[in-house]
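Colleague: 3D, please:
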Amino acid sequence: MLLSLLLKKVIHTGTLTIIGVTGKMRTYGGNSGPVVTVKLHKRSLYIKLFFNPCLYLGEAYTDGALTIEQGTLSEFLKIVTINLSAAESMPVYRAYDKICCMFRTWQQYNPISRSKSHVASHYDISNKLYHLFLDPDLQYSCAYFKNPDDDLETAQSNKKFHLASKLLLEPKQQILDIGSGWGGLALFLAKAGAGHVTGLTLSEEQLQGARKRAKESGLEKAVDFQLCDYRQQTGKFDRIVSVGMFEHVGVNYYLEFFNKVNELLTDDGVCVLHSIGRKDGPSSTCAWIRKYIFPGGYSPALSEVLQAVEESGLWVADIETLRLHYAKTLSIWHARFQANRGEVRDMFDERFCRMWEFYLCLSEAAFLYGDHMVFQIQLSKNNDTIPLTRDYQFEWEREAELNAAKRRSSLKIGKASG
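Modeller: Next comes the predicted model:
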C-alpha cells in the first residue's frame with residue numbers, strides 16, 4: 001500500500017503499470033510519455049522500493065526481481081527520473097537526502113590507502129569489456145558532438161582537440177595527465193604539442209594497456225605512464241589535464257587536490273579539469289551507483305568545486321558546461337554494449353549484463369532528465385597567462401584538425417602508392 005500511495009503521488013508523466021507478485025495490476029500516471037509495465041517478483045520489494053528506491057530499484061533489476069514486461073529499461077528510467085522531483089518533495093525523502101548528505105564525507109573517504117581499491121573495482125575487471133562498447137581510443141568520458149550526425153569516434157576526437165585547445169600547447173612542455181586511463185589523451189597531447197606527457201592512473205589494467213599503446217605507437221619516450229596517486233606526484237609541469245578523474249576525488253579532498261595542482265604547476269602553467277557535475281547544488285551519490293559501480297565516487301556541484309579553487313589561490317580563467325553531450329555518449333555506449341551483450345555474458349554472466357545495462361541507462365537518464373552535466377574549468381596561477389578572449393581556442397582547433405586531416409590524407413596516398 002505504501003508503494004502504491006507513493007506512485008499515485010509522484011507519477012505525472014508517462015504511464016507505469018506494476019504487476020505484483022499475485023499478478024494483480026495497478027496503473028499510475030496516464031499522461032503523455034512512455035508506457036511501461038514492470039513485474040515485481042518478490043513481496044519484500046513493496047517495502048524496499050518505498051523506503052530506499054535509490055538502492056533497491058537497481059538491485060531488483062540486476063537480480064531479476066524486477067523485470068520489464070512492456071517498454072524498455074530506458075523508458076522505465078525516464079519515467080522514474082522525470083517524476084523524481086515530486087518524490088523529493090515528500091518529507092520521508094527529504095529526510096533521507098539529509099541523512100545521506102550527513103554521511104557523504106564517510107561515503108567518499110578516499111585516502112591514498114583506499115583510492116586504488118576503489119578504482120580497481122571498476123576499471124580492473126577487464127580491458128576487453130571496455131573495448132566492446134567504447135571507441136577504439138578507449139575514451140571513457142563525455143564526447144563532444146559538434147554536429148548532430150557525428151559518430152562516437154568523431155565526437156571523441158572532437159573532445160581531445162577541444163581540451164588541447166584550452167591547454168595552449170607548445171613544444172617541449174612538461175604535461176601531466178591526472179587519471180590517464182588507457183592513454184588515449186596523453187598520446188594525443190604528446191603528438192599535438194610535441195611535449196613530454198606523464199600519465200597517472202591507479203588501475204593496473206589501464207596502466208598495462210596504456211604502456212602497450214605507447215610502445216606500439218613509437219611514443220614510449222614522449223609519454224610515461226605511472227601507477228601513482230596524484231597526491232604522491234612531484235615535480236613541475238607546464239600543463240595539467242584531468243578528464244573523468246575528479247569524480248573519484250571525494251568532497252573531503254577537493255582543497256587538497258587543487259593545492260596539489262597549484263604546487264605542481266609552473267608559474268605560467270595552465271590546468272584544464274573535465275568532470276561530471278550537477279546543477280542543483282551539493283548532494284550525495286545514488287546508493288546503488290556508490291555500492292556497485294563507483295565506490296567512493298561523487299559528481300560535484302560547481303559551488304563545491306569553486307570554493308576549493310578559491311581557497312587554493314588558483315585563477316578560474318574559463319568555465320564551459322557540456323549539458324546533453326554525455327547523454328548522447330551514453331546512448332551510443334549502451335547500444336554498443338547491447339550489440340555485444342553475448343560476449344559480455346560469456347565473460348561474466350547475465351547478472352553482470354543487467355547491472356551494467358542499468359548503470360548505462362540510469363546515467364543517460366540523469367543527463368537527459370536529471371540535474372547532471374559536464375563542466376570544463378580552465379585554471380592558471382597568474383591572471384595574465386591565458387589570452388583575454390576564447391579566439392585562440394577556435395583558431396587552434398581549426399588549424400590542428402586541418403593538419404590532422406592532411407596527415408590522414410597523406411597516409412592514405414602513401415598506402416595506395418605502396
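
Colleague: neighbours of the closest residue in space to residue 131 that isn't next to it in sequence, how many?
Modeller: Spatial nearest neighbour of residue 131, chain neighbours left out: residue 138 (7.1 Å); criterion: Cβ to Cβ, 6 or more residues apart in numbering. Just so you know, the C-beta spots here come from the backbone N, C-alpha and C atoms, and that holds for glycine as well. For residue 138, the count of nearby residues is 18 (other Cβ atoms under 10 Å).

Colleague: which of the helices or strands spans residue 154?
Modeller: helix 152-167 (DSSP states H and E).

Colleague: what residues sit buried inside that helix?
Modeller: Of the residues in helix 152-167, 152, 154-167 count as buried by neighbour count, 16 or more other Cβ atoms under 10 Å.

Colleague: so which residues make contact with that helix?
Modeller: 135-137, 139, 141-146, 150, 175, 184-185, 188-189, 192-193, 239, 241, 243, 270, 272, 274, 318, 325, 328-329, 332-333, 336, 376, 378, 392-394, 396-397, 400-401 (Cβ atoms under 8 Å, 6 or more residues apart in numbering).

Colleague: any of those buried? List them.
Modeller: Listed as buried from these are 135, 137, 139, 141-145, 150, 175, 184-185, 188-189, 192-193, 239, 241, 243, 270, 272, 274, 325, 328-329, 332-333, 336, 376, 378, 393, 396-397, 400; burial here means 16+ other Cβ under 10 Å.

Colleague: quick one, helices of the stretch 1-150 of the chain?
Modeller: In the stretch 1-150 of the chain, helices defined by DSSP state H, counting those that start in this stretch lie at 2-10, 44-51, 53-63, 73-82, 84-88, 91-102, 104-107, 112-123, 127-131, listed in chain order.

Colleague: looking at these, which is nearest to residue 201?
Modeller: Residue 201 sits nearest to helix 112-123 of all the helices of the stretch 1-150 of the chain, at 7.8 Å, using Cβ to Cβ.

Colleague: CA atoms only: put the closest one into CSV for me.
Modeller: Extracted C-alpha coordinates of helix 112-123, given in CSV (Å, rounded to 0.1, in the frame of the first residue of the first chain):
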residue,chain,number,x,y,z
ILE,A,112,45.7,7.0,-0.7
SER,A,113,45.3,3.6,1.0
ARG,A,114,41.8,3.2,-0.3
SER,A,115,41.7,5.0,-3.6
LYS,A,116,43.5,2.2,-5.6
SER,A,117,40.9,-0.4,-4.4
HIS,A,118,38.1,1.9,-5.3
VAL,A,119,39.5,2.4,-8.8
ALA,A,120,40.2,-1.4,-9.3
SER,A,121,36.6,-2.3,-8.5
HIS,A,122,35.5,-0.6,-11.7
TYR,A,123,38.5,-0.4,-14.0
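
Colleague: tell me which residues in it are buried?
Modeller: 115, 116, 118, 119, 122, 123.

Colleague: which residue ranges form the strands in the stretch 101-250 of the chain?
Modeller: Assigned by DSSP state E, counting those that start in this stretch, the strands in the stretch 101-250 of the chain fall at 174-178, 196-201, 223-227, 237-243.

Colleague: so which of the ones you listed gets nearest residue 216?
Modeller: It is, among the strands of the stretch 101-250 of the chain and with distance given as Cβ to Cβ, strand 223-227, at 11.8 Å.

Colleague: hmm, who's touching that closest one?
Modeller: By Cβ under 8 Å, 6+ apart, the residues outside strand 223-227 that reach it are 180, 183, 186-187, 190, 196-202, 204, 207, 210-211, 214.

Colleague: quick one: strands adjacent to it?
Modeller: Strand 223-227 has its sheet partners listed here by DSSP bridges as strand 196-201 (parallel).

Colleague: mind exporting the C-alpha coordinates of the partner strand to CSV?
Modeller: C-alpha atoms of strand 196-201 as CSV (Å, rounded to 0.1, in the frame of the first residue of the first chain):
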residue,chain,number,x,y,z
HIS,A,196,56.5,15.1,-22.8
VAL,A,197,53.4,13.7,-21.0
THR,A,198,53.3,11.9,-17.7
GLY,A,199,50.1,9.9,-17.2
LEU,A,200,48.9,8.9,-13.8
THR,A,201,46.5,6.0,-13.1
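
Colleague: pLDDT of that strand, averaged?
Modeller: The pLDDT scores in strand 196-201 average 98.

Colleague: distance from it to the middle of the chain?
Modeller: 20 Å (Cα atoms, centre = their mean, to the nearest Å).

Colleague: and stretch 376-396, by the same measure?
Modeller: That offset, for stretch 376-396, works out to 24 Å (Cα atoms, centre = their mean).

Colleague: low-confidence bits of the chain, can you list those?
Modeller: Applying pLDDT under 70 to the chain flags residues 88, 93, 96, 408-418.

Colleague: domain parsing for it?
Modeller: Domain ranges of the chain: 2-102, 112-386, per automatic domain parsing.

Colleague: out of those domains, indicate the one that is most buried.
Modeller: Of the domains of the chain, the one with the most neighbours on average (mean count of other Cβ atoms under 10 Å) is domain 112-386, at a mean of 19.

Colleague: follow-up on the earlier one: of the buried residues of helix 152-167, which pair is most distant in space?
Modeller: Top of the distance list for those (Cβ to Cβ): 152 and 167, 23.1 Å.

Colleague: what's the first-to-last distance across stretch 41-59?
Modeller: Start and end residues of stretch 41-59 are separated by 13 Å (Cα to Cα, to the nearest Å).

Colleague: tell me how far that stretch is from the chain's mean position?
Modeller: Distance, stretch centre to chain centre, for stretch 41-59: 26 Å (Cα atoms, centre = their mean).

Colleague: want to throw the strands of the stretch 101-250 of the chain into TSV with distance to residue 258?
Modeller: Compiled in TSV, those are given as follows (distance: least, Cβ to Cβ, whole Å):
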stretch	distance to residue 258
strand 174-178	12
strand 196-201	16
strand 223-227	21
strand 237-243	11
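
Colleague: for residue 4, find the nearest of those strands.
Modeller: Proximity of these to residue 4 was assessed by Cβ to Cβ; the nearest stretch is strand 237-243, lying at 44.3 Å.

Colleague: so which elements touch that closest one?
Modeller: Packing contacts for strand 237-243, counted by 3 or more Cβ pairs under 8 Å, 6 or more residues apart in numbering; DSSP states H and E, involve helix 152-167, strand 174-178, helix 184-193, helix 254-264, strand 265-278.

Colleague: at 7 Å instead, please
Modeller: In terms of contacts (3 or more Cβ pairs under 7 Å, 6 or more residues apart in numbering; DSSP states H and E), strand 237-243 is packed against helix 152-167, strand 174-178, helix 254-264, strand 265-278.
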